[in-house]
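A.B. asks: fold the following for me, if possible:
(chains A, B, C and D)
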Protein chains: 2
Amino acid sequence: MLAEELGLHVSTVSRVLHAKPDESHRAASKATVERVRRLADELGYRPNPHATSLRTQRSNLVGVLVPRLSDIVLATIYEGIEESAGEHGLSTFVTNTRDVPEVQRARTDMVLARRVDGIIFGDAYADAEFLREVAARGVPFVLVSRHAGDYPSVTCDDYLGGRMVGEHLLGLGHRDVAVVAGEPYASTGIDRTAGFADAYAEAGIEIPGHRILHSRFDARGGHETTARILADGEPPSAIFAVNDFAAIGAFGAVRDYGLRVGADIAVAGFNDTPLAAELPVPLTTVRSPMHEMGRRGIDLLARLLQGEQVRSERLRPELVVRASTDPRA
Amino acid sequence: MLAEELGLHVSTVSRVLHAKPDESHRAASKATVERVRRLADELGYRPNPHATSLRTQRSNLVGVLVPRLSDIVLATIYEGIEESAGEHGLSTFVTNTRDVPEVQRARTDMVLARRVDGIIFGDAYADAEFLREVAARGVPFVLVSRHAGDYPSVTCDDYLGGRMVGEHLLGLGHRDVAVVAGEPYASTGIDRTAGFADAYAEAGIEIPGHRILHSRFDARGGHETTARILADGEPPSAIFAVNDFAAIGAFGAVRDYGLRVGADIAVAGFNDTPLAAELPVPLTTVRSPMHEMGRRGIDLLARLLQGEQVRSERLRPELVVRASTDPRA
DNA sequence: AGCAACAACCCAAACGTTTGGGACAAACGT
DNA sequence: ACGTTTGTCCCAAACGTTTGGGTTGTTGCT
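C.D. replies: Prediction:
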């Protein structure tokens, strides 16, 4: 600590710098406080966080694990996390796990080795197996985007979102529909699919198993899976892809099959990413509060780190109808 | 260091754990080395990085500043960075600056306060003003994606890429063209535009000023700017948007204007993001090695941190022709 | 036998904080 | 006049490493 160029003891300076404005007088005389403060920001003094962490056993660091940042959904969630983290005095550490269990493990070990105070998982597997291990190690964590077990999480109400899409398509008269369902281990895809299927079931229509196919979450995955659907007998009249990127991939497959999105076959997505509205055929989708999920996720973790008891949050989605399901829109 | 449950002095253990395999015998006896190693990974021992950093004055941390991670281009570059950082024993710290100078400053201070060893800027302003300040403070840094001044950088050869698009459109007979040029402070947009314009100039065609408009880099920005172009008299026969997202926005604007991309008006983008190929009208674009840029960026920084002299790198782009400029493709 | 060389360790300082506990003087109460 | 309080500050330990420099005891050489 260079700030004892003023002939003061480090401890005094430390106290001055840490005192809340209303109790600074307890640390030192008014004059001294002033002197310290002035010099501190004259020199642009910043306490060495390594020293602080070492002493306090708290790093104010949180690790954030996501499948991939190049997925705009997770990237946006992370923006929310980062934004709000600052307000809590926390810094974040993101890392990509590609949804690969070994990588998740390795990255978790990595952030733990960096002595983070807690972790935000954006890549939870629905079986929660790995999370149980983490919990057993006593590491505080929260989930965002996906939920698992009953670990604290902030998610979109995906079931409701799926249901909205189902009701929308039902209302348009679509009876033969297919689902590009995403990865089987992600609660997002699972719930969206379930909500969608339940809406149909309640209308007396069971969606047959061969109409519900798992897929990767990216455009390529959506393309391949949709191609398989289209290759399988009579094409459905509508396709629900559980996220926008998969839906865009579906666009590609539909196009390759010689059909027109909107006119010949309805396609709906999920998330309302900024692209959805710009596509040549604008995409019907469900707006999920991605940014907000991130913010609330870190808020939740912050409270957890304070020792508070926390409850999961489920945010409300909103259906956005565009021309990909309704050419008149 | 808990590892002296074996009755050894910490320093001995430290030496054992740091010795390269071929010189471990200099640290302790074979038996001791073995004992230490075994206990260490039995306990899952990881040195406390804060203590290490404090002692060595090196954090093995690098700060990464990007405009926004929700831009898939930067997110992909960051994936490359993270991937390669691990191989250098470095950890990274990303943060969004939204291309706002005050935020860039604040985030730079933030990462510096965290005692990073160096910085990677993905958000350099072409005027390099801020970078000069950073350099003056003696902070090692490299640039990725954009270049500025002659600070070490890893970029795509954007000028060449722009030129490729220009020659391509010229070859198709387009003489009245417009450019959605991106932000005026980003070398990417500047160079791509310059390359494009030069290609036309060499063919004896000066692109008039009102045909080159700055824009934000996202879909919305591309949409707005394209709409202004279309509203301004006779529409051009082709539009070059300096990145894919802006191009997708251009798609939206063209659609709203009642024209068809590919058939009525050609549109080209830049970056070849995974979406480009999936669009209902597949997008002609220039493939830029985003992942590779990230990898090389951190490699460059790593070498800089070793004290080596480094040279900027300029990676080769590749034109990918699709139906948005050539319906026969 | 005497001395150097080496193997196998240990010592202690230092990195920059935070924090419980003083120390010292001035002001106060009676 | 003397104990007590209060205001202002200092002391020192501790956090977990790394690293230059010991200290032993054994082996090798002559």
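A.B. asks: excluding chain neighbours, what is closest to A:Ile81?
C.D. replies: Nearest non-adjacent residue to A:Ile81, counting by C-beta to C-beta, 6 or more residues apart in numbering or on different chains: A:Gly294, 4.0 Å away. In this view, the C-beta of every residue, glycine as well, is placed from N, C-alpha and C.
A.B. asks: residue contacts, the one you found?
C.D. replies: When the contact criterion is C-beta atoms under 8 Å, 6 or more residues apart in numbering or on different chains, the partners of A:Gly294 are A:76-84, A:144.
A.B. asks: now, the residues you listed that are in helices?
C.D. replies: A:76-84 (DSSP state H).
A.B. asks: mind listing what the residue nearest the centre of chain A touches?
C.D. replies: Central residue of chain A (C-alpha atoms, centre = their mean): A:Ser145, 3.9 Å from the mean position. Residues near A:Ser145 by C-beta under 8 Å, 6+ apart: A:73-74, A:77, A:122, A:155-156, A:188, A:293.
A.B. asks: state the distance from it to A:Gly294.
C.D. replies: Distance from A:Ser145 to A:Gly294, counting by C-beta to C-beta, to the nearest Å: 9 Å.
A.B. asks: same thing with A:Leu112?
C.D. replies: Counting by C-beta to C-beta, the gap from A:Leu112 to A:Gly294 is 22 Å.
A.B. asks: okay, now A:Asp127: neighbour count?
C.D. replies: 11 (other C-beta atoms under 10 Å in any protein chain shown).
A.B. asks: next: A:Ala28.
C.D. replies: Count around A:Ala28 with other C-beta under 10 Å applied: 18.
A.B. asks: my guess is it contacts A:His18. True?
C.D. replies: No: applying C-beta atoms under 8 Å, one finds A:Ala28 not in contact with A:His18, separated by 11.6 Å.
A.B. asks: returning to that earlier point: in TSV: the contacts of A:Ser145, plus distance to B:Leu160, pLDDT and secondary structure.
C.D. replies: Below are those laid out as TSV (distance: C-beta to C-beta, whole Å; pLDDT from 0 to 100; DSSP: H, G, I helix; E, B strand; the rest coil):
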residue	distance to B:Leu160	pLDDT	secondary structure
A:Val73	33	97	helix
A:Leu74	33	97	helix
A:Ile77	36	98	helix
A:Gly122	37	98	coil
A:Thr155	45	98	strand
A:Cys156	43	98	strand
A:Thr188	41	98	helix
A:Met293	41	98	helix
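A.B. asks: for the helix or strand of chain A with the lowest mean pLDDT, which positions count as buried?
C.D. replies: The weakest-scoring helix or strand in chain A, judged by mean pLDDT, DSSP states H and E, is helix A:30-42 (a mean of 88). Neighbour-count burial for helix A:30-42, counted by 16 or more other C-beta atoms under 10 Å in any protein chain shown, picks out A:32-33, A:35-36, A:39-40.
A.B. asks: got it, and stretch A:6-15?
C.D. replies: Buried-residue list, stretch A:6-15, by 16+ other C-beta under 10 Å: A:8, A:12-15.
A.B. asks: over to stretch A:122-142?
C.D. replies: So for stretch A:122-142, counting by 16+ other C-beta under 10 Å, buried means A:122-126, A:128, A:130-131, A:134, A:139-142.
A.B. asks: what segments of the stretch 151-300 of chain A are strands?
C.D. replies: Counting by DSSP state E, counting those that start in this stretch, the stretch 151-300 of chain A has strands at residues A:153-156, A:177-180, A:212-213, A:238-241, A:266-268, A:285-287.
A.B. asks: direction included, what does the shortest one pair up with?
C.D. replies: I take that to be strand A:212-213. Strands that pair with strand A:212-213, judged by DSSP bridges, come out as strand A:177-180 (parallel).
A.B. asks: distance between the strand it pairs with and the chain's centre?
C.D. replies: 24 Å (C-alpha atoms, centre = their mean, to the nearest Å).
A.B. asks: for it, C-alpha coordinates in CSV please.
C.D. replies: Presented in CSV, the C-alpha positions along strand A:177-180 are these (Å, rounded to 0.1, in the frame of the first residue of the first chain):
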residue,chain,number,x,y,z
VAL,A,177,-47.3,-30.4,-36.5
ALA,A,178,-43.7,-31.2,-35.7
VAL,A,179,-41.3,-30.1,-33.0
VAL,A,180,-37.6,-29.5,-33.4
